[in-house]
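Q: predicted model and sequence below, questions to follow.
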2 protein chains.
Amino acid sequence: MKAPIDQIDRTLLRLLQQDGTLSLAELADKVNLTTTPCWKRLKRLEENGILRQRVALLDPIQLGLSFTAFVQIKTSNHSKEWYKSLVEAVSDFPEVMEFYRMAGEYDYMMKVQVADMAAFDQFYKKMVNSIEGLTNVTSTFAMEPLKYTTALPL
Amino acid sequence: MKAPIDQIDRTLLRLLQQDGTLSLAELADKVNLTTTPCWKRLKRLEENGILRQRVALLDPIQLGLSFTAFVQIKTSNHSKEWYKSLVEAVSDFPEVMEFYRMAGEYDYMMKVQVADMAAFDQFYKKMVNSIEGLTNVTSTFAMEPLKYTTALPL
DNA sequence: GTTGAAACTGTAACGCA
DNA sequence: TGCGTTACAGTTTCAAC
């Protein structure tokens, strides 16, 4: 069940997180296997959830969603119930692309992707109004994206 | 050359950024087209760079890379040359998954993905030593990832 | 790890509105 | 110009070796 990941698996993962269109034959070739054993490895990686999903990445600029904001939150309520409702509420916003519970001064941080400042303002009001118990909310804005990758450093 | 994106295109993009394994026939079915026109739309979206790439998303936990840090940077050097060398140097670190020039107190922010605090410390030293002109570097750490998606809110 | 065969997919030429 | 029909080549999937 819990088969360890060897070098070949890692290479396959590295290749696929860079280019998900690689065919089985191409992948097999790059790791010096034939298609079947390569295919079995991929199946296993999918079953184990190491290969979580395959997705298309889109261009935020051409789609008019190039405004990135980071919202940091402080709260005085640290109960489990409040936490659960917060996570649910925030996760339901499609504009929130990342959300973390943080160490340090702020309790939570989220990355928000929207069209422009006006759209962010709308989002902000919507969010703050729908969540009780926030003692401090502060936003910072990205002026220019310099790097974005989904590839883990394997 | 610059064909506008209609509702069908948007639906295709929305579907593919959620699940990149959908076949042409499935996609065509969901937007009430046959495969050929659907295929032509996808080709056009790829050519225009709206559909930028297809990738596999991996599980950071199983790969032992579940430590997320945000590093914020201030600089006194705002020359173009320094900026260029900074962007290049930082982008070359595979641990840096996101990097932004920011408005507000800090000039730059990056998201760093590594194994653990020890690995982060190593990365931190490596980075700070390889970049001149940083007047202030501060790091905050994620204790728990609550949401992560690559899907733009279309 | 290999072979090979069946099912499915992507690709493109061709007509039709 | 955009869509549908059809056919062919390439790919994935998987059983048997």
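A: Great, that's in hand. Numbers count the residues shown, from 1 in each chain, chains lettered A, B, ... in the order given.

Q: count of residues packed around residue A:145?
A: When counting by other C-beta atoms under 10 Å in any protein chain shown, one arrives at 14 neighbours for residue A:145. For glycine as for every other residue, the C-beta is placed from the backbone atoms N, C-alpha and C.

Q: ok, it to DNA strand D distance?
A: Remark: distance between residue A:145 and DNA strand D (C-beta to the nearest atom of the strand, to the nearest Å) = 31 Å.

Q: and the contacts of the strand or helix carrying that residue?
A: Assigned by DSSP states H and E, residue A:145 falls within strand A:134-148. Applying C-beta atoms under 8 Å, 6 or more residues apart in numbering or on different chains, the contact partners of strand A:134-148 are A:66-76, A:106, A:117, A:120, A:124, A:128, B:87, B:90-91, B:96-106, B:108-110.

Q: show the contacting residues for the most far-flung residue of chain A relative to its centre.
A: Distance from the C-alpha centroid of chain A, by C-alpha atoms, centre = their mean, peaks at residue A:34 (32.9 Å). Contacts for residue A:34 were tallied using C-beta under 8 Å, 6+ apart; they are residue A:28.

Q: kindly report the domain assignment for chain A.
A: A:7-48, A:60-142 (the TED database).

Q: measure the shortest one end to end?
A: Distance between the boundary residues of domain A:7-48 (C-alpha to C-alpha, to the nearest Å) amounts to 17 Å.

Q: returning to what we had before: how much space between the residue farthest from the centre of chain A and residue B:18?
A: Using C-beta to C-beta, to the nearest Å, we find residue A:34 at a distance of 32 Å from residue B:18.

Q: and if you look at residue A:107?
A: According to C-beta to C-beta, residue A:107 stands 30 Å off from residue B:18.

Q: looking at the sheet around the residue nearest the centre of chain A, what are its partners?
A: Note on chain A: the residue nearest the mean C-alpha position is residue A:98, at 5.6 Å, using C-alpha atoms, centre = their mean. Judged by DSSP bridges, the bridge partners of residue A:98 are residue A:111, residue B:148.

Q: also the one 4 residues further on?
A: Taking DSSP bridges, one obtains residue B:142 as the residues bridged to residue A:102.

Q: quick one, what contacts it?
A: Neighbour list for residue A:102: A:72, A:108-109, B:140-143 [criterion: C-beta under 8 Å, 6+ apart].

Q: can you list the residues of chain A near DNA strand D?
A: Within chain A, the residues that sit near DNA strand D (C-beta under 7 Å from any atom of the strand) are A:23-25, A:35-36, A:39, A:43.
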